[in-house]
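Novice: Here is the input, now give the coordinates:
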Amino acid sequence: MAKEIKRTIETILNLQTGEVLDVKDIFRNPLIREAEIFKLRSQIQEQVHKKRAVYICIFCKQSIGIRGHINRKDYYLTHTFRSDDCIIKTNHHLTEEQIRCVKYNGEKESDLHNHLKNQIAHYLELDDKIIAVHTEKVFKDLAISKEWKKPDVMAELADKKIAFELQLSTTFLSVIVGRTIFYRDRGIFLIWIFPNFSLDSHLQQFTQKDVYYNNSFNVYVFDEDAQQNSKNENRLVLKCYYKCFTIKNNNIQEKWVSAFIGIDEMNYDTEKMELFFYDSIKEKEILTKLLAEQIDEQIILDQEKAATYKAYHALKYLREFYRNDVEPIPRSVEFPLQHIDTAREIEIFNKEIGFNGNKINVISNLFQSGTKPNFLQLVCEQDNILVDTKNMMVDGKSLFQYLIYMESQWDFYKKIPLLFRKGYKLSDVDYDYFHNLYDKNYFNTTESEREAIERWAFIYCLNSLWHKEDALSLIHIKKILFALLSLKKDLSIGNKFTNLKQLTMNILTYNSDFGKLYINALKKFDQYDRQLLDDKSGKLKIRIDEFFISEPLQNRQFDRIIFEIFPEL
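Specialist: Okay, the predicted model is just below:
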């Protein structure tokens, strides 16, 4: 387990958004997010330089900066030097300015610095494209400006100026950012030059990372090889290290590549005042986008492959079921149809079985013939098996029109719920057939009259359901539903009683578990007082009293179905 890094500043405030940021989150995954952290480091320093700090200490509201240990790959926040006191601040005996001056000026006085500076100037002077070369000349854009810089070397070309700054060791980020801003604001290109560069990230200096992470991953080196090439070509030649990116194994791979270049081989962006030899950032952006597209394509291919496999596995199961009209494998062991749930899986599966298209007659024939009843019920119960119920025809009629007039009452009650379970909705023509079944002038004395009214009542209940999955449950409470509809329509339905008072006595005696619901319906449909007035013998009143005294347990299993059909209750 990695040792937790103890940091003095643990939270900071974003003045723009008001967000309180946890330092642990800012520096999470430092190896993976190194480029992001260093860009943030530069951004913060640039804001501080412009006196427009965005990120501040949450305690003292002063600006902060990012520091770290390059070898240990850990980072932390510090107050900027010369800031006011803070309750968590640690002070040093030297100010930041003192440290910067001692370090940076000491570096400029070294023999190596002077040697490299003079060599660069010498080879620039040999280039006939260069109009003028200046060594450590103070540069100000305006006479009244208080800001000035003294670049190591300044080269003037016909259309541009280039400042060369040598960097021999670690320099404060503020130096890099300050000089970058100064030259950029004055239309001067800046090249940071190092005497050497290691390809090992652990050995690279913070300064080098500060430079190349913000310069399209380009590093310019004036080492012995570059000096020799400059001597051979009588012009300034630099060794440029740049990152090349490739896609391998679904990852962006990177490697350092080097090339010897002259200043005329660089790309100069006059809008951003940036220069580079190889646009590594653009290459990485292109490859990142390409990789994302490739991954998306692969995901789609994998999903398609998986969807096809699941669809054909379910199809094999369905065909075996159709062949024998029994489950090939008990559902408790395996039921492939339950795994067909995505839109694509359903599409592939149904394209093959065709019940929603050119093989719709298979299902309509099963409704008509009565063969393979288990398979037909499976098809109607499974929502992922699509069936074009609107276009199922039997003998030139819609399947609905055929079923309501089929001869067998038992077949009617078996098959019509399957049609509605499949989500069937009545058409305008269907409603005409439906209403023709209902005639209140029937005396309900003949068997055919009673059957017609009962079929009408059953379809009425099915068509009132909100949840199609309840269609197959209606047969279990048909008596109760018909009793409630009898009260609503003031007509005996599904029984041979001569009056509704007899129906009430029967329900309270033999179906007392629905008694409260039934009595509520009596009152709701204005039957309660009428039946009591007609109760000359007083038996109904006694039966109702006995019901409330006994308080039988009520059946609430079918409440959803009943209240969907009879919302008045």
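Novice: Break down the stretch 151-300 of the chain into its helices, ranges please.
Specialist: With DSSP state H, counting those that start in this stretch, the ranges of helices along the stretch 151-300 of the chain come out as 173-185, 206-212, 224-233, 280-324.
Novice: average model confidence for the longest one?
Specialist: Per-residue pLDDT values across helix 280-324 average out to 92.
Novice: Next secondary structure after it?
Specialist: helix 343-353 (DSSP states H and E).
Novice: Tell me which residues of the very next helix or strand once past that following helix come out buried.
Specialist: As assigned by DSSP H and E, the chain's next helix or strand after helix 343-353 is helix 360-369. Neighbour counts using 16 or more other CB atoms under 10 Å place 360, 362-364, 366-368 of helix 360-369 among the buried residues. From N, CA and C alone the C-beta is placed, and that goes for glycine too.
Novice: what's the burial count for Ile162?
Specialist: 21 (other CB atoms under 10 Å).
Novice: what do you get for Lys414?
Specialist: Lys414 - counted by other CB under 10 Å - has 17 other residues nearby.
Novice: That one: what's its closest spatial neighbour, skipping adjacent residues?
Specialist: Pro373 (7.6 Å; CB to CB, 6 or more residues apart in numbering).
Novice: What of Glu327?
Specialist: Distances taken as CB to CB, 6+ apart place Phe321 nearest to Glu327, at 6.3 Å, with adjacent residues excluded.
Novice: what's the burial count for that neighbour?
Specialist: For Phe321, using other CB under 10 Å, the count is 19.
Novice: for Leu315, same thing?
Specialist: Leu315, neighbours per other CB under 10 Å, totals 18.
Novice: didn't it look like it was pressed against Gly354?
Specialist: No: counting by CB atoms under 8 Å, Leu315 sits too far from Gly354 to count as a contact (10.8 Å).
Novice: Count the neighbours of the residue lying closest to Phe497 once chain neighbours are set aside for me.
Specialist: Excluding its sequence neighbours, the residue lying closest to Phe497 (CB to CB, 6+ apart) is Leu503, at 5.0 Å. By the criterion of other CB under 10 Å, Leu503 has 22 neighbours.
Novice: try Lys255
Specialist: Neighbour count for Lys255, taken as other CB under 10 Å: 9.
Novice: wait, what's in contact with the residue nearest to it when sequence neighbours are not counted?
Specialist: Distances taken as CB to CB, 6+ apart put Cys244 closest to Lys255, at 5.7 Å, once the chain neighbours are dropped. Neighbouring residues of Cys244 by CB atoms under 8 Å, 6 or more residues apart in numbering: 254-257, 278, 280, 283.
Novice: per-residue confidence at Cys244?
Specialist: pLDDT at Cys244 comes out at 90.
Novice: Please apply the same query to Leu173.
Specialist: Reported pLDDT for Leu173: 60.
Novice: Same question for the one 4 residues further on.
Specialist: At Val177, the pLDDT value in this model is 70.
Novice: Now name the helix or strand holding the nearest residue to it once chain neighbours are set aside.
Specialist: Nearest residue to Val177, sequence neighbours excluded (CB to CB, 6+ apart): Gln45, at 4.6 Å. If you go by DSSP H and E, Gln45 is part of helix 34-49.
Novice: Which elements pack onto that helix?
Specialist: Packing contacts for helix 34-49, counted by 3 or more CB pairs under 8 Å, 6 or more residues apart in numbering; DSSP states H and E, involve strand 64-69, helix 173-185, helix 206-212.
Novice: need the least confident one among these, by mean pLDDT.
Specialist: Among these, helix 206-212 carries the lowest mean pLDDT (a mean of 60).
Novice: Other residues contacting stretch 538-552?
Specialist: 501, 504-505, 508-509, 512-513, 515, 519, 531-532, 535.
Novice: swap the cut-off to 10 Å and go again
Specialist: For stretch 538-552, the external contacting residues (CB atoms under 10 Å, 6 or more residues apart in numbering) are 501-502, 504-505, 507-509, 511-516, 518-519, 522, 528, 531-532, 534-535.
Novice: Any quick ChimeraX command for the buried ones out of the residues you listed?
Specialist: Selection of buried members from the contacts of stretch 538-552 for ChimeraX, criterion 16+ other CB under 10 Å:
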select :501,504,505,507,508,511,512,514,515,516,518,519,522,528,531,535
